[in-house]
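Chemist: give me the fold of what follows.
(2 chains, ligands or ions: 2)
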Amino acid sequence: MNRQTPLSINIGRVMIYLLLVAFALLYLAPLYVMIATSFKDIEEIRSGNLMAPPLSPTFYAWTKAWSSACTGSECEGLAPFFWNSVKIVVPAVSISTIIGAFNGYALAKWRFKGSEFLFGALLFGCFIPFQVILLPMAKLLGSLGLANTVTGLVMVHVIYGVAFTTLFFRNYYVGVPTELVRAARLDGAGFLNTFRYIFLPLSTPIFVVTVIWQFTQIWNDFLFGVVYSGAGTQPITVALNNLVNTSVGGKEYNVDMAAAIIAALPTLVVYVVAGKYFVRGLTAGAVKG
Amino acid sequence: MNSIEIKKLSLNFGEVVVLKDLNLTIEKGEFLVLLGASGCGKSTLLNCVAGLLDITDGQIFINGKNVTWDEPAQRGIGMVFQSYALYPQMTVKGNLSFGLKNAGLPKEEIEKRVKHASEILQIESLLDRKPAALSGGQRQRVAIGRALVRDVEVFLFDEPLSNLDAKLRTELRVEIKRLHQKLDNTMIYVTHDQIEAMTLADRIAIMRDGLIQQLDTPKKIYSNPVNKYVAGFIGSPSMNFLKGTILQNNKPIFKLEGGWCESPDLSNYIFQESIKAETQVWLGIRPESVVVGGEAENMPVNFSLEVEVFEPMGADTLVWSQIGGQEFRFMIDGNTSVNVGDRVTVGFDPAHASIFDFDNEERL
Ligand SMILES: Nc1ncnc2c1ncn2[C@@H]1O[C@H](COP(=O)(O)OP(=O)(O)OP(=O)(O)O)[C@@H](O)[C@H]1O
Ligand SMILES: [Mg+2]
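Modeler: Ligands and ions are numbered 1, 2, ... in the order given. All right, here's what the predicted structure looks like:
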């Protein structure tokens, strides 16, 4: 009993695909405009249509955005700030992820007096809005002599991130049977060896999830970056803002667009490379937890 | 010599008392089975012996040495967990050798022991596989292997067969028995399967609510249960309990509550101590101790019943019936044909019965 004829299936299918394609185009349109504009020269932007493809593509805007656009008083492009961001993100992501892994492991499998309370307190940390800690943190950084330094920014991101990374790892490790820990104890493995030989090898998905999350958060952060950085330590998000707001002569939309893409590129790359783990890791944690 | 001695062991989880004042002595080479309903504290006791739980009070000796506060790895025990708990990212070989590596044994020694254990358990061909690529029975063998390589005298097995299918369970049961005969080490084996308990054990400890109710040979527990709980727990189908009163009239006589005029003579029953007249009791008799027909008429106790339900089980048929409003089950030969409504004469020898006090349910 075939209630649907092949024809109606086809029409339904076609409709669905048309709709999907239409939405995809709608979503991709801004990206297209950015990319297209970044390859045009100023003349073409002024005279041409926003949606029109670049007629004589040029890398002028990209080169300028990277190495010579003005971000305030200096005109060295985004390059130095890109490296600033890298210098902040790499240690901040690694340290917060590693601490989170240890915290999560201890909270999930080595319960001690007050461990539930500690976990609750950490969870609370996830809900503290950025704005609330701005001033106290500035004072703390100042008294530690870390104001306007990369180290200071790394510290802020680590402290703020540990709440999330701990939550991720803890929820993932709760799903690992406690008998495994017992077996390892009987086999003479202590806290660290159990982590290293038994938990770590199981942790690839959750590491990927946490790294993506932390990377995106820290790379895209603007508020901490603008508040806690000095002249030489600004992350790329702050520099992008300055670049767009600094006009020497006319507004160069192509440079702005190229700069924005450069700033966003690393997170895009991370998603493309590790995205499938992201979905997998999130569900694994959810189902088992 | 005693292999394991547990003295006045107590364990609480916060407010919850799981084990209280538990004493248990196990001889060298003995196969002890801990049997009890779910949640009675069997795994908890095993974990205490292994040192995986910090006990609240009491002492534990293994081979004469007080190990109460020793680390699990230092106690000289091997353990098989209920869920096997194989390390998922290590190969079978990695699983077997992990503990030995942690103990810092030389490489050749580790190789030797892994080889020996895998030969005994016939898992040589599986050494390079990960646990995910093993069947349930193979995983179980690896789990046993992990205890075996430790070369210890005491094994703790926590329901090692409980998540296997019935056929495999029977096979591995025999293998475990064989292994024990070969290695001759002390074994504490947890199960809630009474067949496993009866077939494997030198002695069975029946647990209930964190207390050991009876510790005895399987035979003794089957024939002389110390209280009504143990009597009802062991044996399948379970024992019949008839409520009634004992009257002393030169000899003890059982008066069934709610009927049965010719009061049966209990002279054959061996009472623990002389009992008062008019004691309210439970008279327990196992369905398989009840005989029928002509044989029944020669028994000191006999009466006739009406068949209500019958369940053919192959060799035997279990018949459900009533006497004086109380449920009564008995076995007949599987080849005898019965019908619902038939009247059958049944009888038994009080020597095979168990009589319990009505109030405290202790054996009389
Ligand atoms: N961590 C814990 N906190 C509180 N109570 C616990 C904890 N672990 C076990 N219990 C309780 O202790 C009792 C004994 O548990 P145990 O695991 O020893 O039972 P068991 O006899 O092994 O049961 P099963 O046959 O189901 O495995 C149970 O009532 C259980 O609820
Ligand atoms: Mg258990």
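Chemist: next up, the contacts around B:Leu318.
Modeler: B:Pro237, B:Pro287, B:Phe310, B:Glu311, B:Arg329, B:Phe330, B:Met331 (CB atoms under 8 Å, 6 or more residues apart in numbering or on different chains). No exception for glycine: its C-beta is placed from N, CA and C like everyone else's.
Chemist: neighbour-wise, which of those residues leads?
Modeler: Scoring the contacts of B:Leu318 on neighbours with other CB atoms under 10 Å in any protein chain shown, the highest-scoring entry is B:Phe330 at 27 neighbours.
Chemist: with adjacent residues omitted, what lies nearest to it?
Modeler: Spatial nearest neighbour of B:Phe330, chain neighbours left out: B:Val290 (3.7 Å); criterion: CB to CB, 6 or more residues apart in numbering or on different chains.
Chemist: ligand 1 versus the closest residue to B:Asp165 other than its chain neighbours, what's the distance?
Modeler: By the measure of CB to CB, 6+ apart, the closest residue to B:Asp165 outside its immediate chain neighbours is B:Gly136, 7.8 Å from it. The gap separating B:Gly136 from ligand 1 is 18 Å, by CB to the nearest ligand atom, to the nearest Å.
Chemist: B:Gly136: how many residues sit nearby?
Modeler: Tallying neighbours of B:Gly136 according to other CB under 10 Å, which is how burial is gauged here, yields 15.
Chemist: please list the residues of chain B that sit near ligand 1.
Modeler: Proximity of chain B to ligand 1 is confined to B:Phe13, B:Val16, B:Val18, B:Gly36, B:Ser38, B:Gly39, B:Cys40, B:Gly41, B:Lys42, B:Ser43, B:Thr44, B:His192 under the rule CB under 6 Å from any ligand atom.
Chemist: re the thing from before, ok, the contacts of B:Leu318 vs chain A, which is closest?
Modeler: The shortest approach to chain A among those belongs to B:Pro237, at 34.2 Å (CB to the nearest CB).
Chemist: state the distance from the closest one to B:Ala351.
Modeler: In this view, B:Pro237 and B:Ala351 are 21 Å apart by CB to CB, to the nearest Å.
Chemist: what pLDDT does residue 110 get?
Modeler: Since no chain was named, I'll use chain A. Note on A:Trp110: pLDDT of 86.
Chemist: try chain B instead
Modeler: In the predicted model, B:Ile110 carries a pLDDT score of 95.
Chemist: just B:Glu262 next, same as before
Modeler: Predicted confidence (pLDDT) at B:Glu262: the value is 67.
Chemist: let me see the contact set for residue 109.
Modeler: If you meant another chain, say so; for now it's chain A. A:Lys109 neighbours (CB under 8 Å, 6+ apart): A:Tyr173, A:Val176, A:Thr178, A:Val181, A:Phe199.
Chemist: hmm, I had chain B in mind actually
Modeler: Residues in contact with B:Glu109 (CB under 8 Å, 6+ apart) are B:Leu100.
Chemist: which strand or helix spans it?
Modeler: With elements delineated by DSSP states H and E, B:Glu109 resides in helix B:107-121, which encompasses its position.
Chemist: could you list the buried residues of the next helix or strand after that helix?
Modeler: Towards the C-terminus, the helix or strand next in line after helix B:107-121, according to DSSP H and E, is helix B:136-148. Residues B:Gly137, B:Gln138, B:Arg139, B:Gln140, B:Arg141, B:Val142, B:Ala143, B:Ile144, B:Gly145, B:Arg146, B:Ala147, B:Leu148 are the ones in helix B:136-148 that count as buried (16 or more other CB atoms under 10 Å in any protein chain shown).
Chemist: who does helix B:136-148 touch, helix- and strand-wise?
Modeler: Helix B:136-148 is packed against strand B:77-80, helix B:92-102, helix B:107-121, strand B:154-158, helix B:166-183, with contacts defined by 3 or more CB pairs under 8 Å, 6 or more residues apart in numbering or on different chains; DSSP states H and E.
Chemist: so how far is stretch B:207-214 off the chain centroid?
Modeler: Distance of stretch B:207-214 from the chain centroid (CA atoms, centre = their mean, to the nearest Å) equals 12 Å.
Chemist: what's that stretch in contact with?
Modeler: Counting by CB under 8 Å, 6+ apart, the neighbours of stretch B:207-214 from elsewhere in the structure are B:11, B:17-20, B:22-24, B:34-37, B:40-42, B:44-45, B:204-206, B:221, B:225-227, B:229-230.
Chemist: what's the mean pLDDT across stretch A:31-39?
Modeler: For stretch A:31-39, the mean pLDDT works out to 92.
Chemist: so which bits of chain A are right by chain B?
Modeler: Counting by CB under 8 Å from any CB of the partner chain, the residues of chain A lying close to chain B are A:177, A:179-180, A:182-189, A:193, A:197-198, A:201-202.
Chemist: let's see that with 7 Å instead.
Modeler: Proximity of chain A to chain B, by CB under 7 Å from any CB of the partner chain, involves residues A:177, A:179-180, A:182-183, A:185-189, A:193, A:197-198, A:201-202.
Chemist: just curious, which of these is nearest to ligand 1?
Modeler: Proximity of those to ligand 1 (CB to the nearest ligand atom) peaks at A:Glu179, which lies at 11.3 Å.
Chemist: which residues touch the closest one?
Modeler: B:Phe81, B:Ser83, B:Ala85 (CB atoms under 7 Å, 6 or more residues apart in numbering or on different chains).
Chemist: quick one, phi psi at the closest residue to the second one other than its chain neighbours?
Modeler: In other words, B:Ser83. On the basis of CB to CB, 6+ apart, the spatially nearest residue to B:Ser83 that is not a chain neighbour turns out to be A:Glu179, at 5.1 Å. Backbone dihedrals for A:Glu179, given as degrees, to the nearest 10, come out at phi -60, psi -30.
Chemist: can you check the pLDDT for A:Glu179?
Modeler: Here the pLDDT value assigned to A:Glu179 is 89.
Chemist: over to A:Ala286?
Modeler: What the model reports for A:Ala286 is a pLDDT of 37.
Chemist: pull the contacting residues for the nearest residue to B:Gly78 once chain neighbours are set aside.
Modeler: Counting by CB to CB, 6+ apart, the nearest residue to B:Gly78 once its immediate chain neighbours are dropped is B:Ala147, at 2.9 Å. Listed by CB under 7 Å, 6+ apart, the contact partners of B:Ala147 are B:Gly78, B:Met79, B:Val80, B:Phe155.
Chemist: between those residues, identify the one with the most neighbours.
Modeler: Sorting the contacts of B:Ala147 by how many neighbours each has (other CB under 10 Å) puts B:Met79 first, at 29 neighbours.
Chemist: which stretches in chain A count as helices?
Modeler: Read by DSSP state H, chain A holds these helices, from start to end of the chain: A:6-38, A:42-47, A:60-67, A:79-109, A:115-125, A:130-144, A:150-174, A:178-186, A:191-194, A:204-220, A:223-228, A:236-245, A:253-288.
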